[in-house]
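In: Give me coordinates for this.
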Amino acid sequence: MPLSEHEQKLLEQLEKQLHEDDPKFANSMGSDPGRSWSTRHVVIGVLCALAGVALLLVGVTFQNIFVGVLGFVVMGGGVYFATMRNASAPNQRPGSGTGKSGKPRSSFMSSLEERWDERRRDES
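Out: Just a heads-up that it's a prediction; the model follows:
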């Protein structure tokens, strides 16, 4: 069942408030619209990983430990580069999550309680 317009607005407000109150947690949950997968990173990373596998196989074939280790490192770097996320978030304010005290969190909770009470009153 889809959300009503009022519920969608509330959800957007909750997401916005979460990003303002605890950006580190919000980023770890992956709901930050400013961070996205970059196709360029994925393609370059996959190509590097394949080159690393090739180097690893060449190192094993010629029994050269240095080339094998270099191939493994290149392969790991390619995988890391492919899984990096693009951090181009122009709407983020610098220092938005630093120096917060407990007061904004309590106001956030009180606003949630008020909304819940209003919702309960509307249903009755």
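
In: Going by C-alpha atoms from here, please, whenever you check contacts or count neighbours.
Out: Will do.

In: Look up how far T83 lies from I44.
Out: Distance, I44 to T83, by Cα to Cα, to the nearest Å: 11 Å.

In: E7 now?
Out: With distances defined as Cα to Cα, the gap from E7 to T83 amounts to 34 Å.

In: Also L112?
Out: Note on L112: its distance to T83, by Cα to Cα, is 36 Å.

In: Repeat that for V42.
Out: The span separating V42 from T83 equals 7 Å under the rule Cα to Cα.

In: neighbour-wise, which of the two wins?
Out: In this view V42 and T83 are compared by other Cα atoms under 10 Å, and V42 has more residues nearby, 19 against 15.

In: Same question for the helix or strand harbouring that one: list its buried residues.
Out: In the assignment (DSSP states H and E), V42 maps to helix 39-61. Applying a neighbour-count criterion of 16 or more other Cα atoms under 10 Å, the buried positions in helix 39-61 are 41-42, 45-60.

In: what are the ranges of the helices in the protein?
Out: Assignment of helices within the chain using DSSP state H yields the ranges 5-21, 23-29, 39-61, 65-83, 102-123.

In: Give me the distance from the last one to the chain's centre.
Out: Helix 102-123 has its C-alpha centroid displaced from the chain centroid by 27 Å (Cα atoms, centre = their mean, to the nearest Å).

In: what residue ranges in this protein score low on pLDDT?
Out: Within the chain, the stretches with pLDDT under 70 are 1, 28-36, 86-106, 124.

In: which residue lies farthest from the center of it?
Out: F62 (41.5 Å; Cα atoms, centre = their mean).

In: Distance-wise, check that one relative to V53.
Out: Noted for F62: a distance of 14 Å to V53, by Cα to Cα.

In: same check, this time on L18
Out: With the distance defined as Cα to Cα, L18 ends up 42 Å from V53.

In: for D122, same thing?
Out: With the distance defined as Cα to Cα, D122 ends up 62 Å from V53.

In: what's the neighbour count on Q63?
Out: Using other Cα under 10 Å as the criterion, Q63 is surrounded by 11 other residues.
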